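>>> Return atomic coordinates for the entry below.
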Amino acid sequence: MAQNHARLWAAAAVGAERAEADCLLASLRWHVGDRAGQWLHLQLALDAVEGGPHTPTLARVYAAHANACLRAEQPAEAVRWADRALATAGGALDVVRRALADKGSALLELGPDHAAEGLALLDNAIAQARAVHDLDTLGRAVNNGLPARWQGLPPLAAWQIYDDAHALVTGLGCETAAGKVVRQGVDLAEQSGQWQRGWDIVIARLPVETDAVERVVLSVKAALLALERGLDDEAVALHERVVVEGHGMDQYWARIYMALLDVAVSARLRGQGEALRWRLAGKSGSRWRCWRSGPAGGDVPPSRCVPVSTLPTGNSPSGSERSARWSSRAYRTA
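Residues are numbered from 1 along each chain as shown. Down below sits the predicted model:
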């Protein structure tokens with residue numbers, strides 16, 4: 001429905017209004033997994049306004065490109081586009097907030113040497129977003145900074161950062177970010193060896209999660225935790241839920257999670273041991289490879305399978321396939 005309205009808007013619009021419509025279409029195409037469509041509409045938006053005066057619309061187009069590059073794991077490009085957005089935003093404070101969040105997130109992706117600057121920009125974005133109740137930017141800025149904030153800290157301090165972030169987004173009613181923060185909390189639980197805490201927070205979130213994609217991803221996380229603890233019945237039930245709710249879902253990060261769970265559950269049910277090596281195909285043109293991490297023949301639980309994916313054509317502006325790193329960044333709210 002939203003895409004139909006946006007297409008009608010774009011067809012009737014010219015200039016700046018056409019650019020705004022194409023930015024909306026780009027976002028909608030990404031959310032349904034059409035990365036090539038996203039880049040097409042971003043280019044159309046740029047064509048509609050580039051070369052003209054510096055206007056808030058031009059800045060929004062630059063910010064949309066920054067966000068797309070961040071989603072495509074091109075942090076250096078994301079920083080460049082965000083800088084263009086900030087330079088042309090003028091009084092368009094919504095663009096400033098978005099560009100600060102994306103630039104800060106991208107700097108964190110560039111490595112520890114950029115972490116301090118990246119977190120400072122995210123703090124700025126959070127403060128500005130909180131002042132005007134911009135929950136979308138707030139949620140992205142809070143969530144995207146979490147791994148860097150607790151990196152290297154003892155578990156007690158790391159969990160305090162998680163608790164503060166979760167209280168902030170839920171207290172302000174930022175439901176779009178709450179599930180993603182919980183997902184990162186599960187990662188923290190695994191890193192700190194606190195299985196029960198990870199299980200408790202994901203099981204508490206699942207019944208209230210309203211985002212369909214996030215609900216599938218959280219179900220995968222819960223199923224993998226269940227497999228680690230030997231709760232096979234719970235894992236199978238969660239896997240069945242993922243199969244039903246994830247049918248037709250084309251967001252690549254959700255498909256990575258679903259592929260991982262397919263491998264882990266199959267490994268447990270079929271008893272193929274630690275030498276398991278799978279190739280999953282037919283994922284709407286994508287290719288997936290999954291294998292166990294750890295030494296060959298080692299005692300590695302199924303949930304430690306590590307997928308390495310070749311993302312579908314269209315994830316980058318060139319449309320070429322490339323390898324993607326697996327990490328908690330598959331969560332990203334960018």
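
>>> Number of residues surrounding residue 255?
Neighbour count for residue 255, taken as other C-beta atoms under 10 Å: 24. C-beta here means a position set from N, CA and C on the backbone, and glycine is covered the same way.

>>> would it count as being in a strand?
No - per DSSP: H, G, I helix; E, B strand; the rest coil, residue 255 lies outside any strand segment and is helix.

>>> I'd say it and residue 247 touch.
No - Residue 255 is beyond contact range of residue 247, at 11.5 Å (criterion: C-beta atoms under 8 Å).

>>> Residue 145 - how many residues pack around it?
By the other C-beta under 10 Å criterion, the neighbourhood of residue 145 contains 24 residues.

>>> residues contacting it?
Each residue near residue 145 by C-beta atoms under 8 Å, 6 or more residues apart in numbering is listed here: 104-105, 108, 118-119, 122.

>>> hmm, try it at 6 Å
Residue 145 sits next to 119, 122 when contact means C-beta atoms under 6 Å, 6 or more residues apart in numbering.

>>> Ok, residue 254 next?
Going by C-beta under 6 Å, 6+ apart, residue 254 touches 213, 216-217.

>>> Where does the nearest residue to residue 203 once chain neighbours are set aside fall, secondary structure wise?
Spatial nearest neighbour of residue 203, chain neighbours left out: residue 222 (6.2 Å); criterion: C-beta to C-beta, 6 or more residues apart in numbering. Using DSSP states H and E, residue 222 maps to helix 212-228.

>>> What is the subsequent helix or strand relative to that helix?
helix 232-245.

>>> who's in contact with that following helix?
Residues from elsewhere that reach helix 232-245 (C-beta under 6 Å, 6+ apart): 216, 219-220, 222-223, 226-227, 258, 261, 265.

>>> now stretch 44-62
Here stretch 44-62 makes contact (C-beta under 6 Å, 6+ apart) with 16, 18-19, 22-23, 81, 84-85, 88-89, 92, 95.

>>> Which positions in it come out as buried?
Within stretch 44-62, the residues that qualify as buried are 44-46, 48-49, 55-62, counting by 16 or more other C-beta atoms under 10 Å.

>>> And stretch 29-47, by the same measure?
Residues of stretch 29-47 classed as buried by neighbour count (16+ other C-beta under 10 Å): 29-30, 33-35, 37-46.

>>> Just send the contacts of stretch 44-62 back as CSV, with distance to residue 193, pLDDT and neighbour count too.
Output for the contacts of stretch 44-62, formatted as CSV (distance: C-beta to C-beta, whole Å; pLDDT from 0 to 100; neighbours: other C-beta atoms under 10 Å):
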residue, distance to residue 193, pLDDT, neighbour count
16, 53, 72, 19
18, 53, 82, 20
19, 50, 86, 28
22, 47, 87, 26
23, 44, 90, 26
81, 39, 98, 25
84, 44, 97, 19
85, 41, 97, 27
88, 48, 95, 21
89, 44, 95, 24
92, 46, 95, 19
95, 42, 97, 24
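
>>> Compile those residues into JSON lines and extend it with columns for distance to residue 241.
JSON lines is the format used below for these (distance: C-beta to C-beta, whole Å):
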{"residue": "16", "distance to residue 241": "44"}
{"residue": "18", "distance to residue 241": "42"}
{"residue": "19", "distance to residue 241": "41"}
{"residue": "22", "distance to residue 241": "36"}
{"residue": "23", "distance to residue 241": "34"}
{"residue": "81", "distance to residue 241": "38"}
{"residue": "84", "distance to residue 241": "43"}
{"residue": "85", "distance to residue 241": "40"}
{"residue": "88", "distance to residue 241": "46"}
{"residue": "89", "distance to residue 241": "43"}
{"residue": "92", "distance to residue 241": "42"}
{"residue": "95", "distance to residue 241": "39"}
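
>>> who are the neighbours in contact with residue 158?
Contact partners of residue 158, counting by C-beta under 6 Å, 6+ apart, are 150, 188.

>>> quick one: it from residue 150, how far?
Residue 158 is 4 Å from residue 150, where distance means C-beta to C-beta, to the nearest Å.

>>> Let me have the contacts of residue 254 in CSV, adding distance to residue 175, pLDDT and neighbour count as columns.
As requested, the contacts of residue 254 are arranged in CSV below (distance: C-beta to C-beta, whole Å; pLDDT from 0 to 100; neighbours: other C-beta under 10 Å):
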residue, distance to residue 175, pLDDT, neighbour count
213, 13, 86, 19
216, 16, 94, 25
217, 15, 94, 28
